[in-house]
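Peer 1: below are the sequence and a predicted model; questions follow.
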Amino acid sequence: MTFSVWVGALYQVQVTPLIAYSLAIVTVIAGLLMVSNYRYFSFKEMHLKGTVPYVVFLSVVVVFVLIAQRPHETLLAMCVIYAASGPIGWIYRRQVRKPVAESHTDNALVNATVNVAADDETGTQSVSRAQAADATLKPMTETQNDGDSKQ
């Protein structure tokens, strides 16, 4: 928010009701992002002890040069990118997990249609994998109680 006012003053932007309401909405969104559950990168986790790769060193120098030459626009862009990284990361993680969940559901449907034959004293009994999976998913106390009653 501060950087948008700073960039507006640099370019002598006239404050109109549209701009004032837009900045008010940006302020509310920034406040909501501050109390949201979106995960943001914490720079406290960076451990730069020892040798630093040349690419990282060069990137830091480029960022400092950009900030020194055009601080208004660079800092505003960095703030917008960081603020958007939380929701974008959430969407990305959600999309990455979704195909895994769908493939798991598809496998469960395929397994439910395949029958497993088990020999028994009176002949062959057919049990679907879904029924077998349901039996294994019962809580431990139910399974122990069922086993105790059969003995």
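Peer 2: That came through fine.

Peer 1: every contact and neighbour count from this point should use C-alpha atoms.
Peer 2: OK.

Peer 1: how about the helices in this structure?
Peer 2: Residue ranges of the helices in the chain, as given by DSSP state H, are 2-10, 17-34, 54-69, 71-113, 129-136, 140-150.

Peer 1: distance check, residue 58 against residue 48.
Peer 2: 14 Å (CA to CA, to the nearest Å).

Peer 1: more crowded one of those two?
Peer 2: residue 58 (11 against 8; other CA atoms under 10 Å).

Peer 1: can you check the pLDDT for that one?
Peer 2: pLDDT recorded at residue 58 is 94.

Peer 1: please apply the same query to residue 28.
Peer 2: pLDDT, read off for residue 28, is 94.

Peer 1: now do the one 5 residues further on
Peer 2: Confidence per residue is given as pLDDT, and for residue 33 that number is 94.

Peer 1: now it, nearest residue through space, not along the chain?
Peer 2: Excluding its sequence neighbours, the residue lying closest to residue 33 (CA to CA, 6 or more residues apart in numbering) is residue 83, at 7.6 Å.

Peer 1: so where's this structure shaky on pLDDT?
Peer 2: Regions of the chain meeting the criterion pLDDT under 70 cover residues 1, 98-151.

Peer 1: now with 90, please.
Peer 2: 1-11, 13, 15, 20, 41-54, 56-57, 72-73, 96-151 (pLDDT under 90).

Peer 1: quick one: residue 89 and residue 82, what's the gap?
Peer 2: In terms of CA to CA, residue 89 sits 11 Å off from residue 82.

Peer 1: typo on my end, residue 65
Peer 2: 19 Å.

Peer 1: likewise for residue 75?
Peer 2: 10 Å.
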